[in-house]
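Asks: coordinates only, no sequence provided:
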């Protein structure tokens, strides 16, 4: 049987917090997403803007991050060095009011191991942006 003093000696070298301060956890999450996104941009200049455009133009109204990733890769977007780069892209769309969280579902991508993931829905703002994008493309096409 391990007594309290022995237990203390066994676990003294573990330096992880049992409970993390929520504002600190949020700060670390944001830093991690920013680092992954910056790295993707360093490896492939223009990646984060191109990825954001795929979120804007994704054809379904409701989706998971993995749905947008597959759509983007099938349409020529290179894979980032770390798939977590998509977190920053999705959060940008959320903060811009382009998409909204509607619940949770289970991941289907094998590498995610069926973890719970967020399900998103496009807002009316997305349609307005897509209409503007189509007009810009049409104007550029007719002016050439």
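Replies: It's in. These numbers were taken from a predicted model, which means no experiment stands behind them.
Asks: all strands for the protein, in order.
Replies: Applying DSSP state E to the chain gives strands spanning 62-64, 99-106, 116-122.
Asks: each with direction, which strands does the longest one pair with?
Replies: So the one you mean is strand 99-106. Applying DSSP bridges to the sheet, strand 99-106 is found paired with strand 116-122 (antiparallel).
Asks: can you give me the distance of residue 110 to residue 66?
Replies: According to C-beta to C-beta, to the nearest Å, residue 110 stands 10 Å off from residue 66. Heads up, the C-betas are built off the backbone N, CA and C, glycines and all.
Asks: and those two? Which one has more around it.
Replies: residue 66 (16 against 7; other C-beta atoms under 10 Å).
Asks: the more buried one against residue 112, yeah?
Replies: Yes. Look at residue 66 against residue 112 with C-beta atoms under 8 Å: they come within range, at 7.2 Å.
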